[in-house]
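> One predicted model, sequence on top.
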Amino acid sequence: MFAEIRTLVLDTLGTLITSGDLPDGLDLSSVAVEPPRDAAHGDMATNAAMVLAKPAGMKPRDIATLLAGRLADDPRIAQAEVAGPGFLNLRLSPATWQGEVASIVAAGPAYGRGAAGQGRKINVEYVSANPTGPLHVGHTRGAVFGDALASLLEAAGHDVTREYYINDGGAQVDVLARSVYLRYLEAHGQEVAFADGTYPGDYLIAVGEALKARVGDAYLDKDEADWLVPIRDFATDAMMALIREDLAALGVEMDVFYSEKSLYGTGRIEAALDDLRSKGLIYEGVLEPPKGKTPEDWEPREQTLFRSTEHGDDVDRPVMKSDGSWTYFAPDIAYHYDKISRGYDELIDVFGADHGGYVKRMKAAVSALSGGRVPLDIKLTQLVKLKRGDEELKMSKRAGTFVTLRDVVDMVGPDVTRFVMLTRKNDAPLDFDVDRVLEQSKDNPVFYVQYAHARIRSVLGKAAELGLDAPADDLSTLADPVELALIAKLAEWPRMVAIAADAHEPHRIAFYLYDLASAFHALWNAGNAQPHLRFLQEDDPATTRAKLMLLRAVAIVISNGLGILGVKPVDHM
């Protein structure tokens with residue numbers, strides 16, 4: 001609807017240019033049609049007069065007056081009112097809103113899905129946790145955010161790849177292997193002690209037993225050199241199977257699992273750095289000692305450095321240490337070089353808040369490798385504080401030291417987990433109160449939205465029993481201000497999808513659904529006091545069919561919105 005009225009405004013401006021009322025050559029690209037800040041001012045507002053006044057050499061109010069006079073002739077516009085210095089507020093005719101209800105029902109699951117993305121290829125990398133144990137509550141937020149963002153971008157017309165980067169090339173997987181070896185010895189009846197730095201969680205007990213079932217006593221009383229590599233591979237595979245199970249419990253499915261280990265010894269890291277070297281961005285040098293905390297990749301000796309400051313970073317970054325080994329940054333450069341070579345138009349990385357210091361260097365690398373062609377957006381997810389009332393939950397029987405993703409899903413279910421994780425912007429801390437998110441109240445957004453859908457399904461079921469569910473051919477009775485307000489909120493949905501996708505902010509969808517549920521519940525409650533607003537009018541089948549059409553439209557938009565969030569709409573509560 002907003003796109004349709006914007007087209008009307010642009011066409012009308014074109015008519016004014018043709019008639020000589022406005023000068024030729026005006027750039028109309030900044031003309032927008034949006035909801036007014038105050039709903040009392042109208043249904044929509046356009047900034048046309050304000051943005052065109054200076055290039056047209058006219059007063060904004062004069063342009064607004066010309067535009068209002070022409071727009072008022074269109075049957076879709078009930079009123080065009082000039083306000084202030086040149087704002088133009090529009091009220092649409094009831095018939096225009098009623099027609100949108102029919103459009104929503106006709107489009108069904110496609111309503112709100114757009115083509116603005118034009119099939120652009122976007123890679124969304126998220127979770128990417130070390131394969132050393134089950135996913136914790138912090139990973140849960142990154143998984144939900146990344147998955148909802150991917151779905152949102154798909155709804156806006158992008159071609160999206162969901163990717164998980166397996167950090168299986170660092171020292172942590174050697175620690176995992178040693179920890180599994182201890183569980184393997186334990187499975188053979190030996191007493192073991194877990195030294196600091198190993199992983200003592202119960203989740204490795206089954207891995208140790210599985211290793212015993214696979215190799216018997218082959219690794220007993222053997223030197224580490226004999227078993228480290230095979231156990232490391234075995235343990236990594238076992239942990240990735242566990243992580244896949246955790247993601248599946250949350251409804252997250254990846255398209256690609258990319259192994260960091262595949263970058264080593266294959267020439268891929270060297271190829272990426274050669275690309276940067278060919279651009280004059282790799283050199284040998286000694287970095288100035290950093291102020292404050294010393295990072296682990298700084299050395300007071302000559303190192304191989306990436307000239308990242310030429311692409312927006314604060315300092316140049318080491319890619320190879322003085323002993324010839326790679327820094328942590330080098331394989332990350334190679335990994336993103338591989339993403340770029342796969343032809344993506346845009347890259348998105350979802351990191352935990354503790355990776356904030358990595359943002360500038362990673363953006364500099366992608367800018368350098370792609371020649372500025374491929375943008376990289378790094379979204380940081382802040383911490384989650386899991387609570388039960390006033391008590392903060394910090395421990396897990398399974399992991400020993402942290403609350404796992406599976407703990408959360410087992411407590412409240414995947415749908416509640418996902419919705420709640422999206423009720424705050426990704427970079428804002430989130431308090432997740434297990435008791436509160438299960439409450440049946442308006443203060444619980446999950447319940448409030450699901451309750452709206454369940455109420456609708458209940459009414460539609462009752463209508464079917466009464467034989468009142470035939471298609472509506474006349475929607476003119478949907479004319480009460482409360483009904484029109486609900487339709488206006490529905491009509492915002494396609495615009496909301498486009499805005500949220502463009503901003504990479506799926507939490508906007510959760511907020512919108514809460515507002516839509518509020519508008520629906522307001523209509524429901526109004527029907528308690530005003531019988532003519534009740535959905536089932538048994539003595540007036542035509543009016544009932546129109547009201548049921550509106551209900552179907554609301555259910556469609558709620559279902560479509562929840563689908564982006566990865567939440568299943570409920571029919572009964």
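Now that the structure is in, tell me what you want to look at.
> the strands in the stretch 101-250 of the chain, which residues?
121-125, 159-166 (DSSP state E, counting those that start in this stretch).
> Show me the contact partners of stretch 463-470.
Outside stretch 463-470, the residues that touch it by CB atoms under 8 Å, 6 or more residues apart in numbering are L460, F535, L536, E538, P541, T544, R545, L548. Where C-beta positions appear, they are placed from N, C-alpha and C, glycine not excepted.
> From those, which one has the minimum pLDDT?
Lowest pLDDT of the contacts of stretch 463-470: E538, 89.
> That residue: what's it in contact with?
Listed by CB under 8 Å, 6+ apart, the contact set of E538 reads L466, L468, T544.
> where's the last one, which helix or strand?
Assessed by DSSP states H and E, T544 sits inside helix 541-565.
> buried sites along that helix?
Residues of helix 541-565 classed as buried: 543-565 (neighbour count, 16 or more other CB atoms under 10 Å).
> same deal with stretch 274-290?
Buried, per 16+ other CB under 10 Å, within stretch 274-290: D275, L276, L281, I282, L287.
> Let's see that stretch as CSV, backbone CA atoms only.
Extracted as CSV, the C-alpha positions of stretch 274-290 are listed here (Å, rounded to 0.1, in the frame of the first residue of the first chain):
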residue,chain,number,x,y,z
ASP,A,274,49.5,-13.2,-2.0
ASP,A,275,46.4,-11.4,-3.2
LEU,A,276,47.0,-8.7,-0.6
ARG,A,277,50.7,-8.7,-1.3
SER,A,278,50.0,-8.0,-5.0
LYS,A,279,48.1,-4.9,-3.9
GLY,A,280,51.1,-3.7,-1.8
LEU,A,281,49.3,-4.4,1.4
ILE,A,282,51.7,-7.0,3.0
TYR,A,283,55.0,-5.9,4.4
GLU,A,284,57.6,-6.8,7.0
GLY,A,285,57.8,-4.4,10.0
VAL,A,286,57.7,-3.9,13.7
LEU,A,287,54.5,-2.5,15.3
GLU,A,288,54.5,0.2,17.9
PRO,A,289,53.9,-1.2,21.4
PRO,A,290,50.1,-0.9,22.0
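> Which pLDDT value belongs to L52?
97.
> returning to that earlier point: output the contacting helices and strands for the helix holding T544.
Other helices and strands packing on helix 541-565, by 3 or more CB pairs under 8 Å, 6 or more residues apart in numbering; DSSP states H and E, are helix 94-107, helix 137-155, helix 414-421, helix 445-465, helix 481-491, helix 493-503, helix 507-529.
> How far does that helix sit from its chain's centre?
With CA atoms, centre = their mean, to the nearest Å as the basis, helix 541-565 stands 24 Å off its chain's centre.
> Then stretch 101-113?
Distance, stretch centre to chain centre, for stretch 101-113: 22 Å (CA atoms, centre = their mean).
> likewise stretch 159-173?
19 Å.
> Report the mean per-residue pLDDT for it.
Rounded mean pLDDT across stretch 159-173 is 95.
> Would you mind measuring from Y184 to D174?
15 Å (CB to CB, to the nearest Å).
> And these two? Which one has more around it.
Neighbours of Y184 and D174, each counted by other CB atoms under 10 Å, are more numerous for Y184; the result is 27 against 15.
> Surely that one and A218 touch.
No: if you go by CB atoms under 8 Å, Y184 and A218 don't touch, sitting 10.1 Å apart.
> check contacts around the closest residue to L369 other than its chain neighbours.
Leaving aside its sequence neighbours, L369 sits nearest to Y337 (CB to CB, 6 or more residues apart in numbering; 5.1 Å). The neighbours of Y337, taking CB under 8 Å, 6+ apart as the test, are R268, A271, A272, D275, L369.
> Just the buried subset of those residues, please.
Among the contacts of Y337, those scoring as buried are R268, A272, D275, L369 (criterion: 16+ other CB under 10 Å).
> Just the element for the second one, please.
Per DSSP H and E: A272 is located in helix 268-278.
> so after that helix, what's the next helix or strand?
Downstream of helix 268-278 (by DSSP H and E), the next one is strand 282-285.
> Note down every partner strand of the helix or strand that that following strand is followed by and its orientation.
Downstream of strand 282-285, the first helix or strand assigned by DSSP H and E is strand 303-306. With DSSP bridges as the test, strand 303-306 is paired with strand 282-285 (antiparallel), strand 317-320 (antiparallel).
> Per-residue pLDDT of M395, please?
M395 carries a pLDDT value of 64.
> Show me how the record splits the protein into domains.
Following automatic domain parsing, one finds the domains of the chain at 2-92, 171-249, 440-565.
> any idea which of these is most buried?
Of all the domains of the chain, domain 440-565 carries the top mean neighbour count, a mean of 18, counting by mean count of other CB atoms under 10 Å.
> From P318, how far out is the residue nearest to E310 when sequence neighbours are not counted?
Leaving aside its chain neighbours, E310 sits nearest to L281 (6.6 Å; criterion: CB to CB, 6+ apart). Separation of L281 from P318 (CB to CB): 13 Å.
> okay, and the common contacts of the two?
Contacts common to L281 and P318, judged by CB under 8 Å, 6+ apart, are F306.
> What residues does the residue nearest to E310 make contact with?
Going by CB under 8 Å, 6+ apart, L281 touches F306, R307, S308, E310, A368.
> Please dump these into JSON lines; it should also carry pLDDT, neighbour count and distance to V252 for every row.
Listed next are these as JSON lines, based on pLDDT from 0 to 100; neighbours: other CB atoms under 10 Å; distance: CB to CB, whole Å:
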{"residue": "F306", "pLDDT": "97", "neighbour count": "27", "distance to V252": "33"}
{"residue": "R307", "pLDDT": "97", "neighbour count": "18", "distance to V252": "38"}
{"residue": "S308", "pLDDT": "97", "neighbour count": "25", "distance to V252": "32"}
{"residue": "E310", "pLDDT": "97", "neighbour count": "14", "distance to V252": "37"}
{"residue": "A368", "pLDDT": "98", "neighbour count": "23", "distance to V252": "32"}
